[in-house]
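Participant: could you work out the structure for the sequence below:
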Amino acid sequence: MSEIEIRDFELKDMEAAVRFGAIGMNLINYVAEEKDLDKYAHWFFDYELNRATGGKSAYVDGEFAGVLLYRMKREKRKYFDFKRWLKNLWQTLVYAQDPHGESEYRDTNKEFLRKERRHQRFDGEFLYFAADPDRRMQGIGSAMLKAMEKEVAGKNIYLFTDTGCNFGFYEKRGFTQHGCKMLRFSFPHKEVTINCFMYTRHF
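Facilitator: Numbers count the residues shown, from 1 in each chain. Model (predicted):
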């Protein structure tokens, strides 16, 4: 089995990270047609990148193979870029008006967090977690998560996911599910049903 090396995320790997997320998170669920997927995937990644205070990358045999972006309280955003933010803001406003579910998805996540904050405090959030779909079952996600354990030791972390992703990965690695809601997105030529979740873990 090839050795997995973990480094800090670098912007040169952005395009591959977008592709990993588009496939691994099944972002096709959130667009009307396949031709819209690339724009949506870039918007989603840029949105989380601008929020991130840090990021980890996995490399297998020197090739980029996975990314984990995270946001910690009271830490400076590491990858923020004003031009990227401005462009992303415009697209965010467009998607906020989308009648097909993007706004409802985010509102659902906000409600999960609001309810759970009544019971516990959080130190950070995992924003974007994706591995090369051509390297499944090679332990890439596990390696990135293990590398984070030392970095966030003693911290309480949350994340949002859904049935379009491999949510079982978190259940096998010490995360606890809080909240589950079914959403249905109706597009002109298809209908998509997913379950949304919030997971937490004290490292």
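Participant: please make it C-alpha for all contacts and neighbour counts, starting now.
Facilitator: Will do.
Participant: okay, the helix or strand containing L113 in PDB with CA atoms only?
Facilitator: Per DSSP states H and E, L113 falls inside helix 102-116. Output of helix 102-116 as PDB, limited to C-alpha atoms (Å, rounded to 0.1, in the frame of the first residue of the first chain):
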ATOM      1  CA  GLU A 102     -29.900  25.600  -1.700                       C
ATOM      2  CA  SER A 103     -31.400  28.100   0.700                       C
ATOM      3  CA  GLU A 104     -33.500  25.400   2.500                       C
ATOM      4  CA  TYR A 105     -30.300  23.200   2.800                       C
ATOM      5  CA  ARG A 106     -28.400  26.000   4.600                       C
ATOM      6  CA  ASP A 107     -31.400  26.900   6.700                       C
ATOM      7  CA  THR A 108     -31.600  23.300   7.800                       C
ATOM      8  CA  ASN A 109     -28.000  23.300   8.900                       C
ATOM      9  CA  LYS A 110     -28.400  26.600  10.800                       C
ATOM     10  CA  GLU A 111     -31.300  25.100  12.700                       C
ATOM     11  CA  PHE A 112     -29.300  22.000  13.600                       C
ATOM     12  CA  LEU A 113     -26.500  24.200  14.900                       C
ATOM     13  CA  ARG A 114     -28.900  26.500  16.800                       C
ATOM     14  CA  LYS A 115     -30.500  23.600  18.600                       C
ATOM     15  CA  GLU A 116     -27.200  21.800  19.500                       C
END
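Participant: list the contacts of that helix.
Facilitator: Helix 102-116 is contacted by residues Y30, Y95, A96, Q97, F160, H178, G179, K181, L183, C196, F197, M198 when judged by Cα atoms under 8 Å, 6 or more residues apart in numbering.
Participant: now with 6 Å, please.
Facilitator: A96 (Cα atoms under 6 Å, 6 or more residues apart in numbering).
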